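[1] Any chance you could fold what I've pasted below:
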Amino acid sequence: LVVVERDAWVHRALADIATGLELVECRAPRAGLNACCALVPDCLLTGLRPNEPDGLWLIQALRAQPGEVSAIPVVGMTPRHYPVRQGDDDPIRVQALRAGADVVLQKPLEAGEVLSQVEALIAMVARLSSRRRRAPEVD
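    Residues are numbered from 1 along each chain as shown. All right, here's what the predicted structure looks like:
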């Protein structure tokens, strides 16, 4: 799990409960993209902030990568209350979904909720992969 978030509590809280998942902590979106390209993790968790396009840039850059990197599941986290930038028609969570995030959670969050969402996305990808590998049965 690559975690791109400036808030240290996210890293600490997930590290405390993420048994069975290897966490790669990144503070900057470019470092997160590099980690995703090098490691092809099971999931990316990234912070999203209004008036700071870094999180949206990371999602768009990830989706533009060639091969399996572009299919990494993405969970975005955004503040619950935030101003909408002048000229933006959509809140940051809608922008993130349009950029390619699979799920956007609003803070305040519980670490267990975040981890459960990450695990659910990883499990979904595994189910879809196994379905694609099975040959259809023909009578």
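[2] tell me which residues in the lengthiest helix in the chain are buried?
    Scanning the chain for the helix with the most residues, using DSSP state H, yields helix 111-133. Across helix 111-133, burial judged by 16 or more other Cβ atoms under 10 Å covers 111, 114, 115, 117, 118, 119, 121, 122, 125. Where C-beta positions appear, they are placed from N, C-alpha and C, glycine not excepted.
[3] Kindly report the same for stretch 29-37.
    Quick answer for stretch 29-37 (16+ other Cβ under 10 Å): 29, 32, 33, 35, 36.
[4] What are the contacting residues of the helix or strand bottoming out on mean pLDDT in the chain?
    Every helix and strand of the chain was ranked by mean pLDDT, DSSP states H and E. The lowest is helix 8-17, at a mean of 86. Defining contact as Cβ atoms under 8 Å, 6 or more residues apart in numbering, one finds that helix 8-17 is touched by 1, 3, 5, 23, 25, 45, 47, 77, 111, 112, 114, 115.
[5] Could you tell me which other helices and strands the longest helix of the chain packs against?
    helix 8-17, strand 74-79, strand 103-107 (3 or more Cβ pairs under 8 Å, 6 or more residues apart in numbering; DSSP states H and E).
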